[in-house]
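Engineer: Just a sequence and a predicted model for now, questions to come.
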Amino acid sequence: MPRLFRAIAALVICCAMSGSVCAAGGESNLPSTWQRFAEVKPRTETEVKKEASRSQAAKHQTLLKHRVEQLRKAGKQAAAIPMAQRSLALAERRHGREHPNVATALNTLGHLYARERKYTQAEQAFKRALEIRERTLGANHPDTVASLNNLAGLYQDQGKHALAEQYYKRALSTQEKLLESNPKSAPDVATTLSNLATVYQSEGRATEAAQLSDQARSLRERAAPNEDSHKRVFRAERRTAPVPESGTQPLSNPQPEAKTYPEMAAPQEGAEKPTPPGPPPQASGGEEKSDWDVVPVFYGTDRDHEANPKRLAYNADRAHRLELGRAFVTVPRIHQVPEIERPWAIRIPYFDVTIYEQAEDPKKHFTLQEIKALTKADFLRLVRARLAASNAFKNHALVFVHGYDTSFDNALYRTAQIAYDLHFDGAPFLYSWPSGGAVTSYTYDRESAEGSEPYLRQFLDVVVKETGAKTISVIAHSMGNKPLLDVLRDMKSAAPKGVVVSELILAAPDVDADNFTNLAQQIRGLAKGVTLYAAANDRALLASRNFWGHYRAGDVPAAGPLVVGGVDSIDVSAASTDVFALNHSDYAQNNDLLTDIAKLITTGQRPPDRRFDKLKPVNAGKKEYWRYVPGAPPTETGTP
């Protein structure tokens, strides 16, 4: 404290001397420090209280916005609506009823109403926001165009095609004017054109819809980066067919000089041991090398689109439809199995506030290089090209269904990591249901997983019946097991001839143990082999166990894991099934689980201890299961 007093005293003396010098020298027109202080009009107590109130209101509104966004991402629209209403009231109190910030708050509230199918309230909010923006910002402002598109989308969701067309056309009229002065707005214009084309298609106006789609494609081509700078990325796909442009929304800054995920060499004749998990070998010969590889992931999802001007993105909302697409995920050469290297960040979890986030770098991190929504025809054409080019996993499809607390982007990263670490050169698939992507979204996730079953069924039908894949392996994690098992039960008698569901891998199923037993019996015979990986330390299952008050199929109680006829049950607590989640714990820094999966989908060898010597048989009465024992010495029955 004495140091502080001395510092303040020195500052006052310096200010006083400075004021004296200026006054004595007569060369400055500035008043002395004391004169300046004297001229400051003291604020009244009322003014001080008003300013403090405004500051407090601003902080309160900021916190409300963050909480609304957090709840929205978790899919809890109903809980977010009252907070959005309070945020709107605060905005009106701070700025007046006709301020653009009020329009922004109205739009937020309108979107929440729309998700809850409260269309009348949503329409009122969107219309008032549009009126405010037209009066304050003008008809030609981009935010005004956004309000027009909000209303058009709302009417389109309700099947009110005439009204949707009216507002889309108004938005297009303004966007075309803005495009002349701002060519970078071409993707926005293309999006509106595509939306209007969808309206025309719904009305049976196929010719007009095709014309608008062509215009949208042309705009995207004009806005796309130089093809020559990353033609290597698409090399493998373009050997058989050009990359489709319909539904394309490339990232804003695709990374140049990345090369396609290398094709794997065929295993030597008679070899039983597959390539161990890890990065594929470096390219040889005259091929240019880079610091990262690119893995294509073919996806299906019933998530809704996220508003993102830079790229196609999906959020936690339920779209009630299946959308197909393909993503290119970059994997750095410095990748360590089974990590997913991503930028680190400092966040305040409750308010979902990011204080600092490291910049993405494909040399160091998994990144999304490109993402496209595809028509079914384009999707199948690209998948067939990928399968035709496969070698080590000839005509093999690998499907991953993620679990609880997983965002769409994180699910893409995990699918790419699994394929990359397994040296999988077949076609990797992801089905991403609308998880809230937050620890607090368990209830929402549970309902979303069950609600996604019709769309997961459509997706698996496409993969199994139409891609041309001859062998299919499926991996499901945690909560993703329940919709998968229900769908497989219905599909059991529908698999086409010549198609083999090779391996069904169920990692830490968040399914009631009794229900799992029933489902496992009902799907028996669908796959050549079914493997249950159970763990006593899976974080998602800990949350589920606390929620339901009962052990799940993926748990490992004191008596050992669940044992069901026709299923190989393996206790991998020492390795952890959290390897399938993005933010796995320290005990998941182990690639032995992936080693076993690589051997399983390559050889199908059983019992498990014959293919991997770290899996030890355990006899518990009449039940037999296997336990992963790290550091176990090789046995005579282990695969060499």
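Structural biologist: Perfect, thanks for sending it. Numbers count the residues shown, from 1 in each chain.
Engineer: Surely residue 107 and residue 127 touch.
Structural biologist: No: the criterion here is C-beta atoms under 8 Å, and residue 107 misses it with residue 127 at 11.0 Å. C-beta: built from backbone N, CA, C; applies to glycine.
Engineer: Looking at these two, which one has more neighbours?
Structural biologist: residue 107 (22 against 16; other C-beta atoms under 10 Å).
Engineer: From the contact counts, what lies against whichever strand or helix holds the more buried one?
Structural biologist: Residue 107 belongs to helix 100-115 when assigned by DSSP states H and E. Helices and strands touching helix 100-115, by 3 or more C-beta pairs under 8 Å, 6 or more residues apart in numbering; DSSP states H and E, are helix 45-73, helix 77-95, helix 119-136, helix 142-157.
Engineer: average pLDDT for the longest one?
Structural biologist: For helix 45-73, the mean pLDDT works out to 67.
Engineer: now do stretch 394-406
Structural biologist: Here the average pLDDT along stretch 394-406 is 93.
Engineer: The nearest residue to residue 564 once chain neighbours are set aside and residue 567, how far apart?
Structural biologist: Leaving out its chain neighbours, the residue that sits closest to residue 564 by C-beta to C-beta, 6 or more residues apart in numbering is residue 520, at 4.6 Å. Separation of residue 520 from residue 567 (C-beta to C-beta, to the nearest Å): 6 Å.
Engineer: Now do the shared contacts for the two.
Structural biologist: Counting by C-beta atoms under 8 Å, 6 or more residues apart in numbering, the shared contacts of residue 520 and residue 567 are residue 530.
Engineer: Mind checking the helices and strands packed on helix 100-115 for the one nearest to residue 511?
Structural biologist: Each of the helices and strands packed on helix 100-115 has some distance to residue 511 by C-beta to C-beta; the shortest is helix 45-73, at 25.5 Å.
Engineer: hmm, back to that, can you add distance to residue 488 and give the helices and strands packed on helix 100-115 back as CSV?
Structural biologist: Converted to CSV, the helices and strands packed on helix 100-115 look like this (distance: least, C-beta to C-beta, whole Å):
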stretch, distance to residue 488
helix 45-73, 30
helix 77-95, 31
helix 119-136, 36
helix 142-157, 32
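Engineer: burial of residue 551, as a residue count?
Structural biologist: Neighbour tally, residue 551, other C-beta under 10 Å: 17.
Engineer: same thing with residue 308?
Structural biologist: Residue 308 - counted by other C-beta under 10 Å - has 13 other residues nearby.
Engineer: Then residue 118?
Structural biologist: Residue 118 has 17 nearby residues by other C-beta under 10 Å.
Engineer: how far away is it from residue 564?
Structural biologist: Taking C-beta to C-beta, one finds residue 118 at 45 Å from residue 564.
Engineer: now residue 555
Structural biologist: Taking C-beta to C-beta as the measure, residue 555 falls 14 Å from residue 564.
Engineer: Any stretches of the protein with poor pLDDT?
Structural biologist: For the chain, applying pLDDT under 70 flags the ranges 1-61, 73-75, 222-289, 347-354, 493-500, 539-540, 576-579, 581-590, 621, 632-640.
Engineer: Domain map for it?
Structural biologist: 2-40, 53-223, 250-264+289-469, 514-640 (automatic domain parsing).
Engineer: For the host helix or strand of residue 616, name the packing helices and strands.
Structural biologist: Residue 616 belongs to strand 615-620 when assigned by DSSP H and E. Judged by 3+ C-beta pairs under 8 Å, 6+ apart, strand 615-620 is in contact with helix 608-611, strand 623-628.
Engineer: Name the surrounding residues that touch that strand.
Structural biologist: 559-560, 563, 570-571, 596, 607-609, 624-629, 632.
Engineer: do that again at 7 Å, thanks
Structural biologist: With contacts defined as C-beta atoms under 7 Å, 6 or more residues apart in numbering, strand 615-620 is touched by 559-560, 570, 596, 608-609, 624-629, 632.
Engineer: Equivalent analysis for stretch 141-161, please.
Structural biologist: By C-beta under 7 Å, 6+ apart, stretch 141-161 touches 100, 107, 110, 114, 119, 122-123, 126-127, 129-130, 133-134, 137-138, 163-164, 167-168, 170-171, 174-175, 178, 192, 195, 199, 202-203.
Engineer: And for stretch 559-566?
Structural biologist: 513, 516-517, 520, 524, 530, 532, 534, 553, 569, 571, 618, 620, 623, 625.
Engineer: got the buried residues for it?
Structural biologist: Using 16 or more other C-beta atoms under 10 Å as the test for burial, stretch 559-566 gives 560, 561, 562, 563, 564.
Engineer: Now do that stretch: distance from first to last residue.
Structural biologist: 20 Å (C-alpha to C-alpha, to the nearest Å).
Engineer: From the chain's centroid, how far away is it?
Structural biologist: 33 Å (C-alpha atoms, centre = their mean, to the nearest Å).
Engineer: Please apply the same query to stretch 524-533.
Structural biologist: Going by C-alpha atoms, centre = their mean, where stretch 524-533 is centred and where its chain is centred differ by 29 Å.
Engineer: ok, now stretch 110-130?
Structural biologist: On C-alpha atoms, centre = their mean, the centre of stretch 110-130 falls 26 Å from that of its chain.
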